[in-house]
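K.L.:
this one's sequence-less:
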């Protein structure tokens with residue numbers, strides 16, 4: 001659920017829900033190195049979801065949230 005409830009704490013997409021951070025930004029962050037801790041884990045998970053075409057996971061999580 002954190003992927004669809006937590007917000008980006010810094011950078012160009014500060015304040016946006018993690019699930020709404022664009023794929024190109026996740027790809028850039030992957031190259032730069034994800035931050036340590038839970039945030040890095042969440043961003044890496046989002047990266048894997050996006051590059052593997054598994055956005056349906058995010059759609060289902062968003063439905064469960066509301």
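P.N.:
That came through fine. All values derive from a computational prediction rather than experimental measurement.

K.L.:
which secondary structure elements does the longest helix out of those in the chain contact?
P.N.:
The longest helix of the chain (DSSP state H) is helix 37-51. When contacts are defined as 3 or more C-beta pairs under 8 Å, 6 or more residues apart in numbering; DSSP states H and E, helix 37-51 sits against helix 2-5, helix 23-32, helix 55-65. Backbone N, C-alpha and C define where each C-beta goes, glycine included.

K.L.:
For it, buried residues please.
P.N.:
For helix 37-51, the neighbour count (16 or more other C-beta atoms under 10 Å) marks 39, 42, 43, 45, 46, 47, 49, 50 as buried.

K.L.:
Pick the one among the residues you listed closest to residue 5.
P.N.:
residue 42 (10.4 Å; C-beta to C-beta).

K.L.:
Was I right to think that closest one contacts residue 1?
P.N.:
No: Residue 42 lies out of contact with residue 1 (C-beta atoms under 8 Å); the separation is 10.7 Å.

K.L.:
How about the secondary structure of residue 15?
P.N.:
coil (DSSP: H, G, I helix; E, B strand; the rest coil).
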